[in-house]
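Q: quick check, what structure comes out for this input:
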Amino acid sequence: MTEPGDPPEPEVTPGSDSKRNGAKVRRHVPSYGSSLSRLAEDHERLALVLAAAEIRRASAIFTLASDARIKGIDELLTKLDKISTAFEGDSRLAKLSFLIVRVTADFETALEATISSYVAVAFDAMRDVLETQYLLFDFGRDEQLIDEWLQGDDKTLRDKFGPVHVRRRLKDGGIGDFGDNAQSADYKGHSQMLHLRPPRWSVLPSKGRVRPDLFSDDMGFWEIFEHAHGLWQALAFLVTKIAPDSEANRILSAEPCGISDAWQQTNRSQTLFTGIMEAGLNRQSGDKTAAATILTRALIRAGALAPEAVKSGDLEQYDVAVRELTQHHGD
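A: Numbering: from 1, shown residues only. Reported below is the predicted structural model:
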């Protein structure tokens, strides 16, 4: 503790040396494990929560150190840093550079949440990326909207730039798919995660730390790469329209291989998850035929079920077979 007139405490990075009044000072920073042990002496409940997350985090990093997911995220963050610098250095893009910083933080948050098994936090972060993606497409469609958004008051931001209004403009402009398809299901899933709802059957991740199961270990990763893929497309669309000769456009001209590889790997499990979610909603509404058909399609597209297993490589023919099966056998 310093007294009035004393020099300020020096800023020291963990384990580094510093000087104060000419003397070299070594600061000791305890390990996270030892800090948790000390915390547990007086705050056992809190320490248990933090320790469980740390165990999951360490296990995930050890298992995934050389996996395509980790390589893809590292490449994504590195590319976003370069894109941010390119935006800042271009007068046409500089006013939007803060959005790149924001989505980079979203991806960092989602990564930390995923490896700690707080998947719902990753979903929340990716909703922010999704809405940014829509906004970037909107700006690429009409450049004049950029300043209107930046200078808009609360009413303008709500009544003109709320997600529902942006999505409607994109749909009317033929940008993106917002009917009964993956993008609409994705946005609906994020909305269901965000807003408080009565407890019902759902395959969406619960709040808090989730237990390992068929999807939870990969759920955060497919969210990251699905939205990284969409964000990359939106950024490329925007920059091509308003700054085609920019360094940012050069960087965005091709999606990095590492990101694409990780997206393709995680997309298989996401396809199955989405199919289960949609099938469950149809079953809740009483349409067991549609539920069975959707689930079967998802299994085949995810590579979990070979078409030959149902004696047909034609999904339309198999739809008929599923309808007959459910009509004859009910539950």
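Q: from Thr109, how far out is Arg56?
A: When distance is defined by C-beta to C-beta, to the nearest Å, Arg56 is 16 Å away from Thr109. C-beta coordinates here come from the backbone N, C-alpha and C atoms, glycine included.
Q: what kind of secondary structure is the residue lying closest to Ser216 once chain neighbours are set aside in?
A: Nearest residue to Ser216, sequence neighbours excluded (C-beta to C-beta, 6 or more residues apart in numbering): Val210, at 4.6 Å. Assigned with DSSP: H, G, I helix; E, B strand; the rest coil, Val210 falls in the coil class.
Q: and Gly174, its phi and psi?
A: Gly174 adopts backbone torsions of phi 70, psi 20, taken as degrees, to the nearest 10.
Q: any idea how far it is from Arg141?
A: For Gly174, the distance to Arg141 equals 10 Å [C-beta to C-beta].
Q: tell me which of those two has more neighbours.
A: Looking at Gly174 and Arg141 with other C-beta atoms under 10 Å, you find the greater number of neighbours at Arg141, namely 18 against 8.
Q: is His28 part of a helix or strand, or is it coil?
A: The three-state label for His28, taken from three-state DSSP, comes out as coil.
Q: now Arg45: how far from Asp154?
A: The value you get for Arg45 to Asp154, if C-beta to C-beta is used, is 40 Å.
Q: ditto for Ile251
A: Ile251 sits at a distance of 34 Å from Asp154 (criterion: C-beta to C-beta).
Q: looking at those two, which is more packed in?
A: Set side by side, Ile251 and Asp154 show more neighbours around Ile251, with 18 against 7, by other C-beta under 10 Å.
Q: tally of neighbours for Trp263?
A: 25.
Q: scratch that, Asp159 is what I was asking about
A: 11.
Q: got it, and Leu272?
A: Burial of Leu272, expressed as a neighbour count using other C-beta under 10 Å, amounts to 21.
Q: run through this structure and note the low-pLDDT ranges.
A: Counting by pLDDT under 70, the low-confidence segments of the chain come to 1-27, 176-206, 208, 212-214, 302-331.
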